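Participant: with the sequence up front, the predicted model follows.
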Amino acid sequence: MARADMTSAAPDRGFQVLPDAEAIATEAAERIILRITENATRPAICLTGGSGPKALYALLGSPRYRSRIAWDRVHWFIGDERFVSASDERNNMTMAREIFLNRCAPPGNIHPMPTDASDPDAAARLYERELQAFYGADRLDPARPLFDLVLMGLGPDGHTASLFPGDRALDETERWVVGVDRAPVEPLVPRVTLTLPALASSREMLFLVSGEAKRGILSKVRADADLPGTRARSNGITTWLTDVAAAGSTA
Ligand SMILES: O=C(O)[C@H](O)[C@@H](O)[C@H](O)[C@H](O)COP(=O)(O)O
């Protein structure tokens with residue numbers, strides 16, 4: 001079936017329902033490779049944490065996909081981080097490194113958040129400077145997205161990245177990265193997160209949502225409830241890749 005037939009129309013985001021989590025990983029891998037191919041200079045991919053992207057990361061590092069990626073050109077960032085050391089298994093970038101980045105990407109192309117800073121907000125400022133140095137400016141130009149593709153997950157409370165319902169980080173309009181002192185969901189550690197404007201500065205935003213446990217919260221996002229997952233949009237294309245278990249149907 002052609003992609004256009006599977007994506008339901010929405011003004012600025014689409015929902016694509018795939019059979020299962022494996023199909024989500026395959027679709028996301030193909031989209032990432034397409035974005036990398038379209039950028040002839042230095043593609044920037046912003047990864048996400050949690051369990052949702054693990055199958056995708058394994059696929060990107062598999063022999064079949066690994067040979068299709070120009071690893072020397074691609075730069076890998078992370079959309080949010082748990083404020084724990086890089087040796088802690090809960091660290092999002094460590095998870096991505098262990099599954100594929102350490103084997104595939106040159107070390108200089110991997111951009112973890114510095115969780116050894118004095119506090120989450122200091123880490124946020126350091127990461128913001130790193131992003132600005134990569135981008136070559138400290139203001140986001142709507143005509144020149146920061147990222148080629150941003151991956152996102154959806155938490156049980158409707159959070160995405162580390163933007164939690166009701167948190168003031170959601171209302172940030174100037175900064176690209178902020179510290180979040182308290183996370184209301186596991187793991188209960190402070191976080192560092194990209195803000196909505198920084199995440200929006202992307203050619204494509206791809207949500208990965210699978211499993212029946214996500215069905216209730218996903219239906220709220222689809223109904224436009226005021227949740228971080230609803231508010232996070234790319235200035236380019238925003239697509240939600242879901243499976244039948246999360247969507248509740250194939251439509
Ligand atoms: O650090 C994190 O936990 C994440 O970046 C977070 O936003 C995650 O994407 C969602 O909570 C979904 O997580 P799951 O994929 O584990 O359901």
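Facilitator: Sure thing, it's come through. Residues are numbered from 1 along each chain as shown.
Participant: all contacts plus neighbour counts: C-alpha atoms, from now on.
Facilitator: Fine.
Participant: could you check how far the most centrally placed residue in the chain is from the ligand?
Facilitator: For the chain, L151 is the residue whose C-alpha lies nearest the centre (CA atoms, centre = their mean; 2.6 Å). According to CA to the nearest ligand atom, to the nearest Å, L151 and the ligand sit 9 Å apart.
Participant: so what's that residue up against?
Facilitator: 45-48, 79, 205-208 (CA atoms under 8 Å, 6 or more residues apart in numbering).
Participant: what of F83?
Facilitator: F83 sits in contact with 91, 115, 120, 189-192, where contact means CA under 8 Å, 6+ apart.
Participant: as CSV, the contacts of L151 with distance to S62 and pLDDT would be great.
Facilitator: Formatted as CSV, the contacts of L151 follow (distance: CA to CA, whole Å; pLDDT from 0 to 100):
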residue, distance to S62, pLDDT
I45, 18, 98
C46, 19, 98
L47, 17, 98
T48, 19, 98
G79, 23, 98
M205, 23, 97
L206, 21, 98
F207, 22, 98
L208, 19, 98
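Participant: out of those residues, which are inside strands?
Facilitator: 45-47, 205-208 (DSSP state E).
Participant: pipe those residues into CSV and attach neighbour count and distance to the ligand per row.
Facilitator: Shown next, in CSV, are the ones in strands among the contacts of L151 (neighbours: other CA atoms under 10 Å; distance: CA to the nearest ligand atom, whole Å):
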residue, neighbour count, distance to the ligand
I45, 23, 14
C46, 22, 11
L47, 21, 9
M205, 26, 13
L206, 22, 11
F207, 25, 9
L208, 22, 8
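Participant: among those residues, find me the one that's closest to K220.
Facilitator: For the ones in strands among the contacts of L151, the residue nearest K220 by CA to CA is F207; the value is 14.8 Å.
Participant: any idea what that closest one is bridged to?
Facilitator: M152, W240 (DSSP bridges).
Participant: helices of this protein, residue ranges please.
Facilitator: 3-6, 21-38, 54-60, 63-66, 92-96, 102-104, 120-135, 196-200, 215-222, 228-231, 244-247 (DSSP state H).
Participant: select, out of those, the one closest to the ligand.
Facilitator: helix 92-96 (6.1 Å; CA to the nearest ligand atom).
Participant: which residues does the closest one contact?
Facilitator: Contacts of helix 92-96 (CA under 8 Å, 6+ apart): 48-50, 54, 57, 78, 80-82, 86-89, 112-113.
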